[in-house]
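Asks: Fold the following and give me the result.
(chains A, B, C and D)
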There are 2 protein chains.
Amino acid sequence: MSDDLMQTEAATDKKDVTDLLLHDILTGTLPAGTWLKQIDLERRYDCTRPEVRRALDRLSQKRLVQHNPNRGYQVYELDDQRTREISDIRVILETGVADRMIANATPNSIRELRDLAKNFDEMSFRGSIMEHYDANLAFHRALLMLSGNIELVGIIAEIRQRTASAPVSQWRTRARIEQSAREHHLMVDALEARDLKELKRLIEIHIRQAPVKA
Amino acid sequence: MSDDLMQTEAATDKKDVTDLLLHDILTGTLPAGTWLKQIDLERRYDCTRPEVRRALDRLSQKRLVQHNPNRGYQVYELDDQRTREISDIRVILETGVADRMIANATPNSIRELRDLAKNFDEMSFRGSIMEHYDANLAFHRALLMLSGNIELVGIIAEIRQRTASAPVSQWRTRARIEQSAREHHLMVDALEARDLKELKRLIEIHIRQAPVKA
DNA sequence: GTATCCAGAATTGGCGCCAATTTACGGAAT
DNA sequence: ATTCCGTAAATTGGCGCCAATTCTGGATAC
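Replies: Next up is the predicted model:
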């Protein structure tokens, strides 16, 4: 039996508390600044005290929650400065491997990316916030996989989580979602056409969520 | 009383177990593959069981130790593939901000970097492995700080830890250390001369630990 | 002689208790 | 009326116990 299946199976029964808490932070159910009282989390996720504390410790290591000794944990709120910095890092990394993505792109992988982009489109109509998030993640994961650098995929996923809380709420606007969906398709187009410059441009625009020009 | 002073004060008395364990992994005192039995760590660092388990959990989150459920933790050993991937990421990131480093470099910061480079030189003669490591870290931290991206400094420090276990042992060769020391000075030279291309070239060479040409 | 199986020892990992610290509340003094 | 202080409630966080699982060693069967 594969690990993935095992996890999925366990997930239907009772998921890991860390993931549940992460989920609620990412979806904005627990907004930035919220105090995470251990007793509340214990009840909310129907788990024990040590489980709560482990989850809080892990997420504070990942800089998703802030730890105030003897006072408690609260959902980290990042300022514009940090948000911009993280976006810069993502732009450098993702445009930095754009050439490899083009080099490794096969007709098969391009078809797969189109499917994932379409899947994101559909989620725009009927799908929860988290399904959006997941569909978006799946697309970008597949795209980055083309770089051939597995570590990079993980690191960017990690980095993305640090800013996720803010953008996810921004996603609520339909216009922004549809814009993202269009950009996904444009990126696949550029990839297929092996247009490095255009691909880089699109990646940067997409990350910064800047309006597309031309 | 400042937090820094508090920490230093506490450190002389009894440092955080996570840092101690991290230290021993990074210096190679605990080689890759070593089984980290909780009872041993408990005695080694003169601490309690929960402290050990917290440290192991944190370091397994950082991918420095591998967790085998119900069997134990062992020091992660990474294959050449992953090592190369991580180096690639560092090259992309650090060369990607080279232009900003040049743009933000002031006579003051260049002088500071020279001091740090010289400090590393001295550590080559008389200094423990960890002092080398710290001096190297200090130099690179200061260099990266010039990018103006605080997040980047943190992320690269994090990424570097993932490969640290292997290179640190490689450092034992004096030739390699002296080579690194020379490269540090060359990087400062390139920075001062505002030679972007040369700076990028040096950064890549330094990260990949490839022999310097010309 | 070798393989298998079972029992004892050792190790991991979940859980709850209690002390230390902080916060909230109410009363008294100015 | 407001501020200060002391006490009580609430919250965090350290620590040890014990069950579940795995590993080890020896005895038995083939």
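
Asks: Could you check how far the residue lying farthest from the centre of chain A is from A:Ile129?
Replies: No residue in chain A sits farther from the centre than A:Asn70, which is 31.2 Å out by CA atoms, centre = their mean. Applying CB to CB, to the nearest Å, the value for A:Asn70 to A:Ile129 is 34 Å. All C-beta atoms are positioned from the backbone trio N, CA, C, and that covers glycine.

Asks: Can you read off the backbone torsions of the residue farthest from the centre of chain A?
Replies: Per-residue torsions, A:Asn70: phi 70, psi 10 (degrees, to the nearest 10).

Asks: again with A:Leu64
Replies: The phi/psi pair for A:Leu64 (degrees, to the nearest 10) reads phi -100, psi -30.

Asks: Who are the contact partners of it?
Replies: Shown in contact with A:Leu64 (CB atoms under 8 Å, 6 or more residues apart in numbering or on different chains): A:22, A:25, A:75-76, A:161-162, A:165.

Asks: Now with 10 Å, please.
Replies: The contact partners of A:Leu64, taken as CB atoms under 10 Å, 6 or more residues apart in numbering or on different chains, are A:21-22, A:25-26, A:56, A:58, A:73, A:75-76, A:78, A:161-162, A:164-165.

Asks: per-residue confidence for it?
Replies: We have a pLDDT of 94 for A:Leu64.

Asks: Next: the one 5 residues further on.
Replies: Predicted confidence (pLDDT) at A:Pro69: the value is 95.

Asks: Count the residues that sit near it.
Replies: Other residues near A:Pro69 number 5, with proximity taken as other CB atoms under 10 Å in any protein chain shown.

Asks: got it, and A:Met101?
Replies: Quick note: A:Met101 (other CB under 10 Å) scores 23 neighbours.

Asks: and what of the one 10 residues further on?
Replies: Summarising burial for A:Arg111: neighbours were counted as other CB under 10 Å, giving 12.

Asks: rewinding a little: also near chain B: which of the contacts of A:Leu64, exactly?
Replies: A:58, A:78, A:162 (CB under 10 Å from any CB of the partner chain).

Asks: coming back round to it: can you say which of the contacts of A:Leu64 are buried?
Replies: Among the contacts of A:Leu64, those classed as buried by 16 or more other CB atoms under 10 Å in any protein chain shown are A:21-22, A:25-26, A:56, A:58, A:73, A:75-76, A:78, A:161-162, A:164-165.

Asks: Please render those residues as JSON lines that adds distance to B:Glu42, pLDDT and secondary structure to the earlier fields.
Replies: As requested, the buried ones among the contacts of A:Leu64 are exported to JSON lines (distance: CB to CB, whole Å; pLDDT from 0 to 100; DSSP: H, G, I helix; E, B strand; the rest coil):
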{"residue": "A:Leu21", "distance to B:Glu42": "29", "pLDDT": "96", "secondary structure": "helix"}
{"residue": "A:Leu22", "distance to B:Glu42": "30", "pLDDT": "94", "secondary structure": "helix"}
{"residue": "A:Ile25", "distance to B:Glu42": "33", "pLDDT": "92", "secondary structure": "helix"}
{"residue": "A:Leu26", "distance to B:Glu42": "36", "pLDDT": "87", "secondary structure": "helix"}
{"residue": "A:Leu56", "distance to B:Glu42": "23", "pLDDT": "98", "secondary structure": "helix"}
{"residue": "A:Arg58", "distance to B:Glu42": "22", "pLDDT": "97", "secondary structure": "helix"}
{"residue": "A:Tyr73", "distance to B:Glu42": "27", "pLDDT": "97", "secondary structure": "strand"}
{"residue": "A:Val75", "distance to B:Glu42": "34", "pLDDT": "95", "secondary structure": "strand"}
{"residue": "A:Tyr76", "distance to B:Glu42": "32", "pLDDT": "93", "secondary structure": "coil"}
{"residue": "A:Leu78", "distance to B:Glu42": "37", "pLDDT": "83", "secondary structure": "coil"}
{"residue": "A:Gln161", "distance to B:Glu42": "33", "pLDDT": "89", "secondary structure": "helix"}
{"residue": "A:Arg162", "distance to B:Glu42": "34", "pLDDT": "86", "secondary structure": "helix"}
{"residue": "A:Ala164", "distance to B:Glu42": "37", "pLDDT": "67", "secondary structure": "helix"}
{"residue": "A:Ser165", "distance to B:Glu42": "37", "pLDDT": "60", "secondary structure": "helix"}
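
Asks: Output those residues as JSON lines; include the columns distance to DNA strand D.
Replies: Below are the buried ones among the contacts of A:Leu64 laid out as JSON lines (distance: CB to the nearest atom of the strand, whole Å):
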{"residue": "A:Leu21", "distance to DNA strand D": "13"}
{"residue": "A:Leu22", "distance to DNA strand D": "18"}
{"residue": "A:Ile25", "distance to DNA strand D": "16"}
{"residue": "A:Leu26", "distance to DNA strand D": "21"}
{"residue": "A:Leu56", "distance to DNA strand D": "7"}
{"residue": "A:Arg58", "distance to DNA strand D": "13"}
{"residue": "A:Tyr73", "distance to DNA strand D": "7"}
{"residue": "A:Val75", "distance to DNA strand D": "13"}
{"residue": "A:Tyr76", "distance to DNA strand D": "15"}
{"residue": "A:Leu78", "distance to DNA strand D": "21"}
{"residue": "A:Gln161", "distance to DNA strand D": "22"}
{"residue": "A:Arg162", "distance to DNA strand D": "22"}
{"residue": "A:Ala164", "distance to DNA strand D": "23"}
{"residue": "A:Ser165", "distance to DNA strand D": "20"}
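
Asks: I'd like to know which of the ones next to chain B among the contacts of A:Leu64 is nearest to chain B.
Replies: Nearest to chain B out of these is A:Arg58 (CB to the nearest CB; 5.8 Å).

Asks: Could you measure from that closest one over to A:His67?
Replies: 11 Å.

Asks: can you check A:Thr48 too?
Replies: In this view, A:Thr48 and A:His67 are 20 Å apart by CB to CB.

Asks: if you count what's nearby, which of the two comes out ahead?
Replies: A:His67 (15 against 11).

Asks: mind saving the C-alpha coords of the helix or strand A:Ile39 falls within as CSV?
Replies: Under the criterion of DSSP states H and E, A:Ile39 resides in helix A:38-44. Provided in CSV are the C-alpha atoms of helix A:38-44 (Å, rounded to 0.1, in the frame of the first residue of the first chain):
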residue,chain,number,x,y,z
GLN,A,38,-4.8,26.0,23.3
ILE,A,39,-8.1,25.1,25.0
ASP,A,40,-10.0,26.4,22.0
LEU,A,41,-8.0,24.5,19.4
GLU,A,42,-8.3,21.4,21.6
ARG,A,43,-12.1,21.6,21.3
ARG,A,44,-12.2,22.9,17.7
